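Novice: Give me the fold of what follows.
(2 chains)
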Amino acid sequence: MSFSLFKATAKSNWLIFLIFFAILLMYMTVMVGMYDPDSIEAMNQFIEAMPQGMMEAFGYGDTATSLATFMALYYYGFIIIIFPLIYCIILANRLVAALVDRGSMAYLLATPNTRVKIITTLAVYMAASITLLLLINTGIGLALSESMFPGEMDIPAFLKLNLAAILLTLAISSICFFFSCIFHETKYSLAFGGGIPILFFIINMLRNIGGSNQWLKYLTLYSLFDANAIVTGEQSIITLCLVSAAIFLALYGVGIIIFSRRNLYL
Amino acid sequence: MDKKERTGEKQVIPWAGGKYGGQLKNNVPHGLGKLLMPDGTKYDGEWIEGKPQGRGILIYAKGAVYRGEFSEGKKHGYGQYVQPDGTIIKGRWNKGKFLDTLESLQKGSAILRNTSGRDVIRIKSLYFTYKSGKGIFDINFNVKNGEVFGFLGPNGAGKTTTIRNLLGFTKPDSGICTINGLNCWKNAAEIQGELGYLPGEMAFFDEMSGIQFFNLIGDLRGKRGNSRRDALIDRFELDPSGRIRRMSKGMKQKLGIVTAFMHDPAVYILDEPTSGLDPLMQNIFVELILEEKERGKTILMSSHNFEETYRTCDRAGIIREGRLVALEDVHSLKSSQRKAYLVTLGRKEDLEHLRSAGLEIGRISKNTVEVYVSGNYDQFISALAGCKVLGIEVATQSLEQVFLKYYGQEASF
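Specialist: As a prediction, the model looks like this:
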């Protein structure tokens, strides 16, 4: 872990962080603002009036009864999956594969630092920036709901939901990072590191439609994350946390090891 | 340090708790001067901005003496340290610490090992093949301490592939390469501390400014000594304040050169260092290489430019299609190189005269004759003395032509 490289990496990537922060902030504000305890029934009716298959695909299949379930359905069902996913894909590609593809990694490796140290620093930045992004998001969600609807939010359930979201996103990021480490060209890094998580996402959408597609849940990580069930307490987050943490540690670890041992055509 | 500073008036001032006598700049020791500390420690030598920097002698209170190079007040570079009991430690120093413990010998027990004959870079039966089947095959050569080695060959011959193995970016299929005795693949990070590398491809961190890039690399190296860096920036007329993305090709190359040289390493590996530089900057670069050679640095530079190699290198290796086809003293390379001169003659009979003088004649157009000379300049000049010569021009030769002569006709590119 090199602090100076960490600092420089943060400097080079703060704008992307800011953009995704702004997107999440905007949606969070809109979503919390849309919650109205009195007209929640109207919202639910609206959802029911829409073609059912389509709403289910986006995870809006259930109806909300409280602020926590409202957020779980309309924010944590879709937005908190898709935008952090895009952030992971872009960041992972920029941090490693792009440097190797362009050749600027040569300058980092031509310093008295081992490859493990360099790549670990980039991995730490990746995981830290995702965690920070989602932690800030949690804080803003709490602050907004407390200021607009004091006492309405089921805080422990909301925190549990966010913890699950953070660990899941870290697991997804490890897939992006792993493929960024093992390929020499960004096109392959993007194809696999971006393609696999997006495939997970699409499979999850198909699964949400219901019917006989339930076997699909074994093909996507996102089936572990049922936001509504987590908030209502129907689903424990322990499995999700353990599986996500295991994937996170394994893929970052193997990515770092492969990167430090492979040939780099710099 | 320029001459004006060296000749500045000598003054005596209190400095760092002791007494300083010598040249000043902005009331700070700068130039040549001596410092005497109350405990008896003495330094006599070069100063920059208040700190011993350059060559000097440090006499410790207890009688030990260090004679050699300093940087930022510490023993750094080449130097010899003699302890009061007579033990001599000679060799390279880094920030006050001795780097190579092999050379600690008792005075009188043996003549100090002559470091000048030591192989700093060693490449032994090195093989590396790409999936395409291209690569390098059985490369063997060594670069001695203090030697400048030119690595020549056309594009795609395997120069960069060899360098990738030296830098530890790729693992050889077989064979060994070492720098300062350390394995290039296993000890890559350790080697980098005393290595200056200039990549063949210009790829930086585009969103950074030049200064930010220097600072990052300086921090990653753990030394940010800015005096040498700034001197190099001035020398190459580089403006590092702007974003790298906006820099021209030449500017980027200068940025790479400063990055490779700014930490004053003992070994340089430079991949086509003058590409993108204008002729003036190429000259400045050649001067820098000659200076570093003078200071005992070991340099491996790849090039496809013969002239540049002549001016800087002691020996050269020529690589073609992944194999080392020649390993020669640069002067013998030069004498074996065939040069073409375009001689414009005034009289018709002069052509016959040149022919009968046994010179190799190439194309003839009107009154201009192409004459090939390879080392036989005396013969050429005396033949010309009997002619009416209106003009002589050196015909520009492509690298291929040079190689053709060198390998004979069988070589084809």
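
Novice: which helices and strands sit right next to the helix or strand harbouring A:Ser129?
Specialist: Assessed by DSSP states H and E, A:Ser129 sits inside helix A:115-148. In this structure, helix A:115-148 packs against helix A:3-34, helix A:67-74, helix A:79-92, helix A:105-109, helix A:155-182, helix A:238-261, helix B:188-192, with contacts taken as 3 or more Cβ pairs under 8 Å, 6 or more residues apart in numbering or on different chains; DSSP states H and E. All C-beta atoms are positioned from the backbone trio N, CA, C, and that covers glycine.

Novice: closest one to B:Asp278 among those?
Specialist: helix A:105-109 (23.7 Å; Cβ to Cβ).

Novice: and for that closest one, what are the contacting residues?
Specialist: A:5, A:96, A:99, A:115, A:118, A:264, A:266, B:167-169, B:188, B:192, B:197, B:199, B:201, B:203-205, B:213, B:217, B:220, B:259 (Cβ atoms under 8 Å, 6 or more residues apart in numbering or on different chains).

Novice: Same check on stretch B:180-187?
Specialist: By Cβ under 8 Å, 6+ apart, stretch B:180-187 touches B:120, B:165-168, B:171-172, B:176-178, B:190-191, B:194, B:266-267.

Novice: Give me the distance from it to the chain's centre.
Specialist: 21 Å (Cα atoms, centre = their mean, to the nearest Å).

Novice: List the buried residues of that stretch.
Specialist: B:180, B:184-185, B:187 (16 or more other Cβ atoms under 10 Å in any protein chain shown).

Novice: out of those, who's nearest B:Ile136?
Specialist: B:Cys184 (13.6 Å).

Novice: Out of the contacts of helix A:105-109, which end up buried?
Specialist: A:5, A:96, A:99, A:115, A:118, A:264, A:266, B:167-169, B:188, B:192, B:197, B:199, B:203-205, B:213, B:217, B:220, B:259.

Novice: so of those, which ones are in strands?
Specialist: If you go by DSSP state E, the buried ones among the contacts of helix A:105-109 have B:Tyr197 in strands.

Novice: re the thing from before, can you sort out which of the contacts of stretch B:180-187 also neighbour chain A?
Specialist: B:167-168, B:171, B:190 (Cβ under 8 Å from any Cβ of the partner chain).

Novice: Spatially central residue for the chain, please.
Specialist: Went with chain A since none was named. Taking Cα atoms, centre = their mean, the centroid of chain A lies closest to A:Thr169, which sits 3.1 Å from it.

Novice: oops, chain B please
Specialist: B:Ile289 (3.9 Å).

Novice: residues in contact with that one?
Specialist: B:148, B:299, B:301, B:312.

Novice: will you turn those into a markdown table that also has distance to B:Lys19?
Specialist: Output for the contacts of B:Ile289, formatted as a markdown table (distance: Cβ to Cβ, whole Å):
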| residue | distance to B:Lys19 |
| --- | --- |
| B:Val148 | 43 |
| B:Ile299 | 41 |
| B:Met301 | 46 |
| B:Thr312 | 44 |
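
Novice: Just the buried residues of those.
Specialist: B:148, B:299, B:301, B:312.

Novice: beta partners for the second one?
Specialist: Counting by DSSP bridges, B:Ile299 is bridged to B:Val148, B:Tyr268.

Novice: Next one: it from chain A, what distance?
Specialist: 15 Å (Cβ to the nearest Cβ, to the nearest Å).

Novice: Name the helix or strand for B:Pro240, please.
Specialist: Short version, using DSSP H and E: B:Pro240 is in no helix or strand.

Novice: show me what contacts the closest residue to B:Gly250 other than its chain neighbours?
Specialist: Excluding the flanking residues, the one nearest B:Gly250 by Cβ to Cβ, 6 or more residues apart in numbering or on different chains is B:Gly276, at 5.0 Å. For B:Gly276, the contact set (Cβ under 8 Å, 6+ apart) comprises B:202, B:249-250, B:252-253.

Novice: Out of these, which end up buried?
Specialist: B:202, B:250, B:252-253.

Novice: farthest-separated two in those?
Specialist: B:Met202 and B:Gly250 (9.8 Å).

Novice: contacting residues for the residue nearest to the centre of chain A?
Specialist: A:84-85, A:88, A:130, A:134.

Novice: any idea how far the residue nearest to A:Phe259 when sequence neighbours are not counted is from chain B?
Specialist: Once flanking residues are discounted, A:Phe259 sits nearest to A:Cys181: 4.2 Å by Cβ to Cβ, 6+ apart. Going from A:Cys181 to chain B by Cβ to the nearest Cβ gives 15 Å.

Novice: So A:Cys181 is in contact with A:Thr120, correct?
Specialist: No - counting by Cβ atoms under 8 Å, A:Cys181 stays clear of A:Thr120, with 11.1 Å between them.

Novice: Need the overlap of contacts for the two.
Specialist: In contact with both A:Cys181 and A:Thr120: A:Ile256, using Cβ under 8 Å, 6+ apart.

Novice: which of these two has more neighbours?
Specialist: A:Cys181 (27 against 19; other Cβ atoms under 10 Å in any protein chain shown).

Novice: about what we covered before: pick the one among the buried ones among the contacts of B:Gly276 closest to chain A.
Specialist: Of all the buried ones among the contacts of B:Gly276, B:Met202 has the smallest distance to chain A: 8.2 Å, by Cβ to the nearest Cβ.

Novice: what's the distance between the closest one and B:Met251?
Specialist: 10 Å (Cβ to Cβ, to the nearest Å).

Novice: what about residue 164, neighbour count?
Specialist: Reading this off chain A. Using other Cβ under 10 Å, the number of residues around A:Ala164 comes to 25.

Novice: if you could check chain B rather than the one you did, that'd help
Specialist: Neighbours of B:Arg164 under the rule other Cβ under 10 Å: 25.

Novice: residue contacts, it?
Specialist: A:264-266, B:128, B:170.

Novice: Next one: it from A:Ile81, what distance?
Specialist: B:Arg164 is 41 Å from A:Ile81, by Cβ to Cβ.

Novice: just to revisit the earlier point, confirm the residue nearest to the centre of chain B sits in a helix?
Specialist: Yes - assessed by DSSP: H, G, I helix; E, B strand; the rest coil, B:Ile289 belongs to a helix.

Novice: Let me see the ranges of the strands in the stretch 201-350 of chain B.
Specialist: Counting by DSSP state E, counting those that start in this stretch, the stretch 201-350 of chain B has these strands, from start to end: B:267-271, B:298-303, B:315-320, B:323-329, B:339-345.

Novice: Angles on the backbone of the residue in chain A sticking out farthest from the centre, please.
Specialist: Ranked by distance from the centre of chain A (Cα atoms, centre = their mean), the top residue is A:Pro112, with 34.1 Å. Dihedral angles of A:Pro112 (phi, psi; degrees, to the nearest 10) stand at phi -70, psi 50.

Novice: Surely it touches B:Gly193?
Specialist: Yes - using Cβ under 8 Å, A:Pro112 is in contact with B:Gly193, at 4.0 Å.
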